[in-house]
Structure formats: C-alpha cells, structure tokens
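Novice: one predicted model, sequence on top.
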There are 2 protein chains.
Amino acid sequence: MSELTPTQVAALIDHTLLKPDATESDIRKLCAEAREYGFASVCINPSWVPLAAKLLNGAKSKVCTVIGFPLGATSTIAKVCESEEAIADGAKELDMVINVGLLKSGNSAGVEHDIRAICEAAHKSGVLSKVIIETCLLTQEEKILASQLAKAAGADFVKTSTGFSTGGATAADVKLMRDTVGPSIGVKASGGIRTLSDLRAMVAAGATRIGASAGVKIVEEARSGSPGTSSAPASTSASPKNSY
Amino acid sequence: MSELTPTQVAALIDHTLLKPDATESDIRKLCAEAREYGFASVCINPSWVPLAAKLLNGAKSKVCTVIGFPLGATSTIAKVCESEEAIADGAKELDMVINVGLLKSGNSAGVEHDIRAICEAAHKSGVLSKVIIETCLLTQEEKILASQLAKAAGADFVKTSTGFSTGGATAADVKLMRDTVGPSIGVKASGGIRTLSDLRAMVAAGATRIGASAGVKIVEEARSGSPGTSSAPASTSASPKNSY
C-alpha cells in the first residue's frame, strides 16, 4: 500500500464527527478541514446537514449523514423519512444501520426490506447508500448474511461499524465482507481506525472507504512519510467508544 | 419510602429493553413480564412497537418507545415522522432525546422548537411525552436550562438519561430537575437503576417514573421485603453502559 499518496489517503476518508454533543463550531471546523485536506466527505448527524451542505457548497468533499443511527432499531418508515429529509437538506451519502434485532430473530426478509427502502430513497435522488452491519454484534454467519442482504437490497457499500457499540473495524471482518460482496460494491471500514497503519491494513483487506475521526492526523502521517503504529490489530477488535 | 407496596413499585417502572440486538423472543418475554407484574410500560425501540402493542392489548401496561434515540441529533422532521409512525403502531408514551449539540451551541430556541414538535405530535393523539436531557453530557446550568426548555415546550416528563452515554441517573440530578420543573410535570430517572434501594433514592429525590431493565428483580425485592444494596450512589453517576 506504500503507493498511496497523501491525496489518495484523504480521498478514502469520511471525516467523521458523530458525538451527540458536537457543537456548531465543531462542525464548522470539520468542514473546513474537509475542504483543506480533500476528504471524501464529512460524516455528521442529520441535524447538521443543512449547515455542512452550505459550508461545503462547491467543494470536492460531500456531505454524508447517518440513518437510524446508531441502534438501527427504529421503524423503516422513520428511516425513510429521515433519509428523505437529509437528502432535501443536502446529504449526498447515507450510512444506514441495519435492524440487528430482526436479523437475530431470523427475519432476513424484514432486514432486506428495511435496507432496500433506504437504498431506494437514496438512489432516486442520486445519493449513495452505505449499509452498516455492526459486525461486533454479529456471528460470522450473521456477518455474511447481513452483507449478502445489503448487496441484494442495492447497497453501494457495506460498512463494518457505527463506532458506538462494543467494537470497531477489524481487517478480518473487512476481508470477510469483501469476499462476500465481491468487487462490484464498496466496503467501508469504520470504528477505531486512528493511524495510517490502521488505514493501510483495512485497504489491504479490501476496504474502499474509511470512516475516521482522526483523518487529519492520518493524512499528516502520510505527508510526513511516517507509517504510524497500528492501533487496530487485524485479529482483535479496536475499542472505538467515544473516539468516533 | 417504606410505604411503597410491590404493586406501587411496579407501577412506577418503565420495563426497558433498548439493546439493538434484542430479539422478538426477548420482546415477547418483556411484554409477558409487564402483564404479570403490572409495570407502567414496556420501553422498547420503535421497530418492536407493533408487536408489543398486540401483546399488550387490553393490559394495564402501556407501550413506550424512544424517539431520536440515543443521540438526539437527527432532524426535527425525522423525529416527528418517527413519532407519528410509532403512535400509528400503538405507542402511548414517547421518550424523545433533546438535541444536545444545539443546546451546547447556545441555540435554545432550536432545542425548544425540536422538543415542542414532538410534544405536539404526541399530544394531538393523547400520547405522553418524556424529554431526555442526557444529564451526563451537561453542566449544571445546561441541566437547568434543558429542563426549563422541556417544560416550556409542553413535556409531560423530563427524563435524566438514555442509558447509552457516559452515565446514568443520580439522585442529585433528579432533585435538580424536580426543583427546576416544579410539581406539575413528571421526572423520570433512568440509567443504572438496578435495585429497590436505587429506586427509593430516586423517588425520594423527586422521580415519579423509573426506567429500568431490572424491573422484575426490583419488584421481587419489594415483595421479599429486602431493600437491596444501592448500586447508584446519589453523588456519583452510575455507569449504565450495556445494562439498559
């Protein structure tokens, strides 16, 4: 992965701030950094989308927001409504959380229907959909099933984690998801990715997008040529709580 | 508080299961316990409201659900839509989370507008509104302001915590909220309340509703006459993570 330039690293990153107590000034700073570094997007909560869309008007960085976040356990209609409002407010990418409880109840059709409804709301407006499967709560079989359902329902990406549960991205999970969905859609690794070394491990495992709150630090590492030290070993889950 | 009978204790409790990986069988068990013990409500995520409404048809226990939960950072329109769908599905009580980020940005009008929109959606259908201020993220001044805004916006209850952030209910916060809102509306203590002793401390401080996942154990304590040991000292915040 040594061929990734700092610009290419930045273009992989959704520059993320999802803490409930983030303020307007935090969001303004995040958007300014996105413009400066050329991140793929800012990933923020829905109530900040109008402000971020205004601040990023004309910028390369998109506005990404989250749907049914972080529990994924609301009604499908509520997720669709939240999606439509976010799109009207200027969001170009939606990261939605699957209904984990339905999955664990054996209701695959319900999970797929829920995902499809949000993907359709996104696609009819030319907006990208990413589907968070929350790997830390799932068995290996459930990770595979959730990835298959997301792909079948029209997801543009499958994504590992919310960053608000018991664990974040692992290279092993990214590889499993990539092997499951094949090359035609994206895989986003998120949760606990704090260094350039972490990012490289995720990309090597098959990730095509990275969610991180440490994007500035990671790009600065790439600029300085320092590889950093991995904080998210491939075999164990990073603990992203309060870091994302 | 020794005068509280087991029946009275049960009638104070919102029997709560909000974990994203709760299954249909977990929800069925929760509802059966609510019928058996006479809890005030079951407090569940929105996607389970139709099932719980069916299971509790004709029961004393209501269906309570959560709105904008647990971050409170979605759009007002999304919260209203989620509320209306939950009400259509059979919810009789809505526990909504305030927009903490707006509060911390000094936008009190925005916070009040957000709360009022959900309270109005609830009240036009005869549904109760509880407003979660997430005390663990707030300063003393912010706790007072949030409680005032909730009352001004028409809340039926102010509620301490989601149980998904950095801390839960404290007797000191319950007292502060009760002193702020006066006697005309309710105060719900939630997060880290695990014993009869915890419940009594919250009621003594002014709470009129208790959110707990340990309701069965608490009522059994009341039945056996054992006061239990407090797990939530008044001066420090309990850590409710993953317990609620």
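Specialist: Perfect, I can see it now. Residues are numbered from 1 along each chain as shown, chains lettered A, B, ... in the order given.

Novice: tell me which other helices or strands the helix or strand where A:His15 lies touches.
Specialist: Assigned by DSSP states H and E, A:His15 belongs to strand A:13-17. Contact partners of strand A:13-17 among helices and strands, from 3 or more Cβ pairs under 8 Å, 6 or more residues apart in numbering or on different chains; DSSP states H and E: helix A:24-37, strand A:41-44, strand A:186-190, strand A:209-212, helix A:215-224. No exception for glycine: its C-beta is placed from N, CA and C like everyone else's.

Novice: of these, which is nearest B:Ala11?
Specialist: strand A:41-44 (41.2 Å; Cβ to Cβ).

Novice: next structured bit after the closest one?
Specialist: Next along from strand A:41-44, by DSSP H and E: helix A:49-55.

Novice: okay, the angle between the helix or strand following that next one and helix A:24-37?
Specialist: On the C-terminal side of helix A:49-55, the closest following helix or strand by DSSP H and E is strand A:62-67. Per axes from the mean of the first three to the mean of the last three Cα atoms, to 10 degrees, the angle that strand A:62-67 makes with helix A:24-37 is 140 degrees.

Novice: from the chain's centre, how far out does strand A:62-67 sit?
Specialist: Mean C-alpha position of strand A:62-67 versus that of the full chain (Cα atoms, centre = their mean, to the nearest Å) differs by 9 Å.

Novice: quick revisit: nearest to chain B, out of the helices and strands packed on strand A:13-17?
Specialist: helix A:24-37 (4.1 Å; Cβ to the nearest Cβ).

Novice: just the CA trace of that closest one, in PDB.
Specialist: What follows is helix A:24-37, C-alpha atoms only, in PDB (Å, rounded to 0.1, in the frame of the first residue of the first chain):
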ATOM      1  CA  GLU A  24     -21.800  24.200  15.600                       C
ATOM      2  CA  SER A  25     -18.200  25.300  15.900                       C
ATOM      3  CA  ASP A  26     -17.000  21.700  15.800                       C
ATOM      4  CA  ILE A  27     -19.000  21.100  12.600                       C
ATOM      5  CA  ARG A  28     -17.500  24.300  11.000                       C
ATOM      6  CA  LYS A  29     -14.000  23.100  11.900                       C
ATOM      7  CA  LEU A  30     -14.700  19.600  10.400                       C
ATOM      8  CA  CYS A  31     -16.000  21.100   7.200                       C
ATOM      9  CA  ALA A  32     -13.000  23.500   6.900                       C
ATOM     10  CA  GLU A  33     -10.700  20.500   7.400                       C
ATOM     11  CA  ALA A  34     -12.500  18.600   4.700                       C
ATOM     12  CA  ARG A  35     -12.000  21.400   2.200                       C
ATOM     13  CA  GLU A  36      -8.400  21.800   3.200                       C
ATOM     14  CA  TYR A  37      -7.400  18.100   3.100                       C
END
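
Novice: what ranges in chain A fall below the confidence cut-off?
Specialist: Scanning chain A for pLDDT under 70 picks out A:1-2, A:226-244.

Novice: kindly list the longest helix within it.
Specialist: Longest helix in chain A, counting residues (DSSP state H): helix A:108-123.

Novice: and A:Ser25, how many neighbours does it have?
Specialist: Residues lying near A:Ser25 (other Cβ atoms under 10 Å in any protein chain shown) number 10.

Novice: need the contact list for it.
Specialist: B:Ser105 (Cβ atoms under 8 Å, 6 or more residues apart in numbering or on different chains).

Novice: swap in A:Leu102?
Specialist: Contacts for A:Leu102 (Cβ under 8 Å, 6+ apart) come out as A:Gly110, A:Val111, A:Asp114, B:Ser47.

Novice: what do you get for A:Leu138?
Specialist: A:Val100, A:Leu103, A:Ala146.

Novice: tell me which element the second one is part of?
Specialist: Assignment of secondary structure by DSSP H and E places A:Leu103 within helix A:100-104.

Novice: now do the buried residues in that helix.
Specialist: A:Val100, A:Gly101, A:Leu102, A:Leu103, A:Lys104 (16 or more other Cβ atoms under 10 Å in any protein chain shown).

Novice: before we move on, what about stretch A:32-49?
Specialist: Here stretch A:32-49 shows A:33-34, A:37-49 as buried, counting by 16+ other Cβ under 10 Å.

Novice: and the two most separated of those?
Specialist: So, these by Cβ to Cβ: farthest apart are A:Gly38 and A:Ser47, at 25.3 Å.

Novice: ok, the contacts of A:Leu138 vs A:Ile67, which is closest?
Specialist: Using Cβ to Cβ, the contacts of A:Leu138 come closest to A:Ile67 at A:Val100, 14.3 Å.

Novice: wait, the closest one sits on B:Pro20?
Specialist: Yes - the pair A:Val100 and B:Pro20 passes the contact test of Cβ atoms under 8 Å, sitting 4.8 Å apart.

Novice: who touches both of the two?
Specialist: A:Gly72, A:Ala73, A:Glu134, A:Leu137.

Novice: hang on, the second one is in a helix, isn't it?
Specialist: No - with DSSP: H, G, I helix; E, B strand; the rest coil as the criterion, A:Ala73 is located in coil rather than a helix.

Novice: so what's the closest residue to it other than its chain neighbours up against?
Specialist: In this structure, A:Ala73 finds its nearest non-sequential neighbour in B:Asn45, 3.4 Å apart by Cβ to Cβ, 6 or more residues apart in numbering or on different chains. Listed by Cβ under 8 Å, 6+ apart, the contact partners of B:Asn45 are A:Leu71, A:Ala73, A:Thr74, A:Gly101, B:Leu18, B:Pro20, B:Ala22, B:Thr65, B:Val66, B:Phe69.

Novice: my read: the last one touches B:Ile98, true?
Specialist: The reference is to B:Phe69. No - in terms of Cβ under 8 Å, B:Phe69 does not count as a neighbour of B:Ile98; the distance is 11.2 Å.

Novice: which one's more surrounded, these two?
Specialist: Neighbour tally, B:Phe69 and B:Ile98, criterion other Cβ under 10 Å: the higher count belongs to B:Ile98, 28 against 24.

Novice: the more buried one touches B:Val111, doesn't it?
Specialist: Yes - between B:Ile98 and B:Val111 there is a contact at 5.7 Å, judged by Cβ under 8 Å.
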